[in-house]
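Q: just the structure for this:
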Amino acid sequence: MDKATLWTWIHAERAALAATLAEITPEEWAHDTLCPGWTVHDIAAHVISNPQIGWGEMGGLMARNLGRSYNAMIFREVKRLGARETRESILADFDRFATSTRHVPTTTTVEPLIDALLHHQDIVRPLGRPHEMPPEAAAVAADRVRRLAPLMGTRRLVRSVRMVATDVAWTRGEGPTIEGPMQELLMVASGRRPDPALVSGEGTALVPALA
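A: Prediction:
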């Protein structure tokens, strides 16, 4: 996938997330999300921090989290950002960095896409606000998420099932089948709960989030 297309998708999803954040209430900003311990406010600050972290910021980030696991580091940084930023400053950052093509050093261009797509769902699903991902973008994100499965805790799952998308030409893995829209397969691959009404197949019995 060429970078120009990737950034088009990232900017579009970032703009869609900004629109969601602008229209929800202050009470909803404090609402829990699909990420345990993270509020809408926390996730919003985290997503738009991606284009703001360069090599200069990496030193402090690593020093603050020396000895912590990857997931513990992410959680601590998310809460730190959430406490530091206000609703107004976060929305202003979404405007300021709407078309930025910077991303965290050591990551690929796909990570900002993963962040925007998945974290938008983390916010809207608990609030009962449906938002659909572009299937082609979700497919690219899912391929990268499968490679990052050890960090996401889904390595055993993605190696144990065959995922088949119903809205784009995408089939990955071997084993019992999980079939559904690409966005739901991305949710599964990342360890999130898919919409049970939209996925089917014997492989769904192996998805912990559906247990």
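
Q: so A141 is in which element?
A: helix 135-147 (DSSP states H and E).

Q: could you say what helices and strands that helix packs with?
A: Counting contacts by 3 or more CB pairs under 8 Å, 6 or more residues apart in numbering; DSSP states H and E, helix 135-147 packs against helix 3-23, helix 110-127, strand 162-165, strand 171-172, helix 182-189. Every C-beta, even on glycine, is put in place using the N, C-alpha and C of the backbone.

Q: pick the most buried one from those.
A: helix 182-189 (a mean of 28; mean count of other CB atoms under 10 Å).

Q: packing partners of it?
A: Secondary-structure packing of helix 182-189 (3+ CB pairs under 8 Å, 6+ apart): helix 110-127, helix 135-147, helix 155-158, strand 162-165.

Q: distance to R102 for those - can I get that in JSON lines?
A: Formatted as JSON lines, the helices and strands packed on helix 182-189 follow (distance: least, CB to CB, whole Å):
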{"stretch": "helix 110-127", "distance to R102": "9"}
{"stretch": "helix 135-147", "distance to R102": "18"}
{"stretch": "helix 155-158", "distance to R102": "29"}
{"stretch": "strand 162-165", "distance to R102": "30"}
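
Q: closest to V40 out of these?
A: Ranking the helices and strands packed on helix 182-189 by proximity to V40 (CB to CB) places helix 110-127 first, at 5.2 Å.

Q: and stretch 29-42, how far apart are its ends?
A: Terminal residues of stretch 29-42 lie 9 Å apart, using CA to CA, to the nearest Å.

Q: any figure for the gap between the residue nearest the centre of the chain and D93?
A: In the chain, the residue lying closest to the centroid (CA atoms, centre = their mean) is L118, at 2.8 Å. Distance from L118 to D93, counting by CB to CB, to the nearest Å: 19 Å.

Q: so what's the closest residue to P181 other than its chain neighbours up against?
A: Nearest residue to P181, sequence neighbours excluded (CB to CB, 6 or more residues apart in numbering): D167, at 5.0 Å. D167 makes contacts with P135, P181, M182, as judged by CB atoms under 8 Å, 6 or more residues apart in numbering.

Q: sorry, back to before: adding distance to M152 and mean pLDDT, write the helices and strands packed on helix 135-147 out as a markdown table.
A: What follows is the helices and strands packed on helix 135-147, written out as a markdown table (distance: least, CB to CB, whole Å; pLDDT from 0 to 100):
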| stretch | distance to M152 | mean pLDDT |
| --- | --- | --- |
| helix 3-23 | 19 | 97 |
| helix 110-127 | 10 | 97 |
| strand 162-165 | 15 | 98 |
| strand 171-172 | 15 | 98 |
| helix 182-189 | 8 | 98 |
